[in-house]
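In: I would like to see how this sequence folds:
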Amino acid sequence: MKYGMVSIILLLIFLIGYAFGRRIGIKEGYERGMAYIPLKSKEKVYEDYSCPLGIDEIEC
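Out: Predicted coordinates:
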């Protein structure tokens with residue numbers, strides 16, 4: 001009985017830690033993705049010489 005209670009408590013602690021860690025990781029990943037988007041669009045403009053507002057190419 002004592003070992004069963006200890007294992008249930010340890011399992012609950014593990015699951016609570018997993019849930020909090022996953023939640024924090026998802027938020028952090030979203031923030032990193034939002035920070036990456038402007039860099040990627042600037043890189044595309046630089047490589048393709050394309051205008052970010054239209055279809056026209058930027059003349060050198």
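In: Against which helices or strands is the helix or strand containing Arg23 packed?
Out: Under the criterion of DSSP states H and E, Arg23 resides in helix 2-48. Using 3 or more Cβ pairs under 8 Å, 6 or more residues apart in numbering; DSSP states H and E as the contact test, no helix or strand touches helix 2-48. (C-beta placed from N, C-alpha, C; glycine too.)
In: So what does Ser50 have for phi and psi?
Out: Ser50 adopts backbone torsions of phi -100, psi 150, taken as degrees, to the nearest 10.
In: Count the neighbours of it for me.
Out: 14 (other Cβ atoms under 10 Å).
In: now swap in Ile26 and tell me
Out: Ile26 - counted by other Cβ under 10 Å - has 10 other residues nearby.
In: Equivalent analysis for Ile9, please.
Out: Neighbour tally, Ile9, other Cβ under 10 Å: 10.
In: Would you enumerate the residues in contact with it?
Out: Ile9 makes no contacts at all, as judged by Cβ atoms under 8 Å, 6 or more residues apart in numbering.
In: okay, which residue is most central for the protein?
Out: Centroid-nearest residue in the chain: Gly29, 1.6 Å away (criterion: Cα atoms, centre = their mean).
In: how far away is that one from Pro38?
Out: In this view, Gly29 and Pro38 are 17 Å apart by Cβ to Cβ, to the nearest Å.
In: go on, Ser7?
Out: Distance, Ser7 to Pro38, by Cβ to Cβ: 49 Å.
In: thinking again about what came up before, need the pLDDT of the residue nearest to the centre of the chain.
Out: Predicted confidence (pLDDT) for Gly29: 92.
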